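A.B. asks: I would like the atomic coordinates for the input below:
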Amino acid sequence: MKIYILPVEQHLQPPSQSFVYPNHNIDYGVEQDFLIYLNKNPQLITKDAKAADWHYLPVFWTRWHINHNFAENGDGLDALNPMVENVLIDSEKTFTITQFDGGTLLTATNILEFTAARTTNEGIDIPILCALHKHPLFPIKKKYIGSFNGSVQTHPLRQQLFDFYQHNPEINLGGNLPTRFYKRWIQGKQFNLNIMASHIALCPRGTSANSFRFFEAMQLGVAPCLIGDLDVRPFQKYINWDDYSYYVKDIKELSELVENLNPQEAKKKGKAAKALFYNDLYYQKWCKYVVKELNDHSN
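C.D. replies: Predicted coordinates:
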């Protein structure tokens, strides 16, 4: 299989974005990561667009949309759409990588989206990644069944989670990290410790169906539990996620899981999740699954 990298205007690959999240993250994501991966694997690339099995559209969608007011009220889309249209040769054999909530936000296209933040957009789910957390030098004793720290405003499910468990001492709940640096640094460390002190990490969906926290928990060696209406755990054709994580659709299913949780099983999943994260899902590692998906689509 050969991939042709579509030449895009420099405007479509902004060098930075005006806002970076989560709090500890750097200005780098899966959109930049896959382009680097391709350039490191020249055997996958062809300079002949006609001979290529796939055309790759290397737009940095997240940086573009964030720098245009998060595409609120369609900001930036009038400029984006024609620039993309001018680049496309055959949209049906074109794919792209996107991390922005809702994908590319293009008006109409047959482009195959590998999406880290699916909402109503169609596509193939990929991990939503951020900078690594630091591990403490000492082992952390488990004292919670589950923990969650994050905004409750991004989806009703999060408010339901708080309402249901706010008085349960076995579930650790926290709000957003503060803005002052010294407080954020202290509570950021506490974020790591609370996850590691839990048998499972609660990862309710937010604006998108995916969750940074899901993959942060894997990195920290804790079995993540995705909570939401869509099971967007990535690359399910190749990864048996039940060996590494939990998934529930709503708070009712979560309460059943919490009530019947097997700590030894959760520990085993957490250990396996950490290995899977570092071996197969972190930056550069996840890209091979995109190639597998493209091969499957070609056959």
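A.B. asks: just the helices in the stretch 51-200 of the chain please.
C.D. replies: Ranges of helices within the stretch 51-200 of the chain are 61-67, 77-87, 156-165, 181-196, based on DSSP state H, counting those that start in this stretch.
A.B. asks: Which of those helices sits closest to K47?
C.D. replies: K47 lies closest to helix 77-87 among the helices of the stretch 51-200 of the chain, at 15.6 Å (CB to CB). All C-beta spots, glycine's among them, are computed from the backbone N, C-alpha and C.
A.B. asks: Next, work out how far apart P22 and H297 are.
C.D. replies: Separation of P22 from H297 (CB to CB, to the nearest Å): 32 Å.
A.B. asks: which residue ends up closest to the midpoint of the protein in space?
C.D. replies: In the chain, the centroid-proximal residue (CA atoms, centre = their mean) is I128; its distance is 1.5 Å.
A.B. asks: What is the neighbour count of the nearest residue to it once chain neighbours are set aside?
C.D. replies: Nearest in space to I128, with sequence neighbours left out and distances taken as CB to CB, 6 or more residues apart in numbering, is A116 at 3.9 Å. Neighbourhood size, A116 [other CB atoms under 10 Å]: 28.
A.B. asks: I'd say A116 and C130 touch.
C.D. replies: No - if you go by CB atoms under 8 Å, A116 and C130 don't touch, sitting 10.6 Å apart.
A.B. asks: what's the overlap in contacts for those two?
C.D. replies: Common contacts of A116 and C130 (CB atoms under 8 Å, 6 or more residues apart in numbering): G29.
A.B. asks: hmm, back to that, can I get the helices of the stretch 51-200 of the chain in JSON lines including mean pLDDT?
C.D. replies: Putting the helices of the stretch 51-200 of the chain into JSON lines (pLDDT from 0 to 100) gives the following:
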{"stretch": "helix 61-67", "mean pLDDT": "98"}
{"stretch": "helix 77-87", "mean pLDDT": "96"}
{"stretch": "helix 156-165", "mean pLDDT": "95"}
{"stretch": "helix 181-196", "mean pLDDT": "61"}
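A.B. asks: most packed of those?
C.D. replies: Of all the helices of the stretch 51-200 of the chain, helix 61-67 carries the top mean neighbour count, a mean of 23, counting by mean count of other CB atoms under 10 Å.
A.B. asks: Just name whatever secondary elements that helix is in contact with.
C.D. replies: Under the contact criterion of 3 or more CB pairs under 8 Å, 6 or more residues apart in numbering; DSSP states H and E, helix 61-67 touches helix 30-40, strand 94-98.
A.B. asks: contacts for it?
C.D. replies: Applying CB under 8 Å, 6+ apart, the contact partners of helix 61-67 are 12-14, 16-19, 27, 29, 31, 71, 76, 80, 96, 98-100, 103-105.
A.B. asks: Okay, and which of the residues you listed map to strands?
C.D. replies: Per DSSP state E, strands hold the following members of the contacts of helix 61-67: T96, T98.
A.B. asks: Filter the contacts of helix 61-67 down to just the buried residues.
C.D. replies: For those, a burial check counting by 16 or more other CB atoms under 10 Å picks out 12, 14, 17, 27, 29, 31, 71, 76, 80, 96, 98-100, 103-105.
A.B. asks: Wait, L44 touches M1, no?
C.D. replies: Yes - between L44 and M1 a contact is recorded at 7.1 Å, counting by CB under 8 Å.
A.B. asks: Okay then, goodbye and thanks.
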